[in-house]
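Visitor: Sequence and predicted structure, then a few things I'm wondering about:
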Amino acid sequence: MSEKNFDKLNDMYIDVLREIGNIGAGNATTAVSNMLNLKIDMKVPVVTLLPVEKITSSIGSEDEVIVGIMLGVEMDISGSMMFLLDMKSAHHLVNRLMGRDLSYNEDFDDMDLSALKEIGNIMSSSYLSALAGLTHMTISPTVPFVTIDMAAAILSVPAVQFGMMGDNALMIKTEFGDEEDISGYFILMPDEDSYEKILTSLGITG
């Protein structure tokens, strides 16, 4: 934001961003429930605003292998979005989608990766749709891509890209599931001007 470090945002800004996170996570969970044709219970999301460089330490061990589904955000705002899953959660979702035994735990093949990409696309699109509805803006995701690597490696690209600007990320920890709890993280990283647009569209000016 012009002449304003995002670290100094007041509680009103942060409360609005948390509300966006809550609604977005709820929409995304509903989308997964419909996709899998399952009744899925969702815990209250934990929404945090934090420096990009602290994301890795906030989600667990840097050397833990995780699944990252990444996409760009464009149209009225621009930036990046990620959806992160631990391997157990990723296998459970893919097995559900593919109609396999839930104990199946082999390495992901191309079809599995395509399924993960679709899961990430549906969830991220649902989240962005909630944001677009609240802000009355046009917001579209780019084509997602999937990567499986250590958390530190997956998060190094956005940390470098956004950390140089001193930007914070909106991180939403969401937990949902049927008999198996799924734990995932949405990370929304609009550029500086886009934060300004989001908050202005909601009638908040600082």
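Guide: Yep, that arrived. The model shown is predicted, which means the values in this text are computed figures rather than measured ones. Numbers count the residues shown, from 1 in each chain.
Visitor: Please count neighbours and contacts with C-alpha atoms only from this point.
Guide: OK.
Visitor: and Met171, what is it in contact with?
Guide: By C-alpha atoms under 8 Å, 6 or more residues apart in numbering, the contact list for Met171 reads Val47, Thr48, Leu49, Leu50, Ile55, Tyr185, Phe186, Ile187, Leu188.
Visitor: so of those residues, which ones are in strands?
Guide: Secondary structure of those is defined by DSSP state E; positions in strands are Val47, Thr48, Leu49, Leu50, Tyr185, Phe186, Ile187, Leu188.
Visitor: tell me, how many neighbours does the second one end up with?
Guide: A count of nearby residues for Thr48, using other C-alpha atoms under 10 Å, gives 19.
Visitor: and the gap between it and Ile20?
Guide: For Thr48, the distance to Ile20 equals 12 Å [C-alpha to C-alpha, to the nearest Å].
Visitor: do the fourth one as well
Guide: Spatial separation of Leu50 from Ile20 under the definition C-alpha to C-alpha is 16 Å.
Visitor: Between these two, tell me which one has more neighbours.
Guide: More crowded of Leu50 and Ile20, by other C-alpha under 10 Å: Ile20, with 22 against 16.
Visitor: State the pLDDT value of that one.
Guide: On pLDDT, Ile20 comes in at 76.
Visitor: Next: Thr205.
Guide: On the pLDDT scale, Thr205 is placed at 63.
Visitor: what's the answer for Ile172, then?
Guide: According to the model, Ile172 carries a pLDDT of 81.
Visitor: ok, what's across the strand from it?
Guide: Here Ile172 shows beta-bridge partners Val47, Phe186, assigned using DSSP bridges.
Visitor: close enough to count as contact, it and Val44?
Guide: No. Contact between Ile172 and Val44 fails when scored by C-alpha atoms under 8 Å: they sit 10.1 Å apart.
Visitor: Mutual contacts of the two, please.
Guide: Common neighbours of Ile172 and Val44 are listed as Asn22 (criterion: C-alpha under 8 Å, 6+ apart).
Visitor: the more surrounded of these two?
Guide: Summary of the neighbour comparison: Ile172 and Val44, criterion other C-alpha under 10 Å, with Ile172 having more neighbours (23 against 13).
Visitor: can you tell me how far Ser14 sits from Ser194?
Guide: One correction, residue 14 is Ile, not Ser. Computed with C-alpha to C-alpha, the distance linking Ile14 and Ser194 is 15 Å.
Visitor: How about Glu175?
Guide: Distance check for Glu175 against Ser194: by C-alpha to C-alpha, it reads 27 Å.
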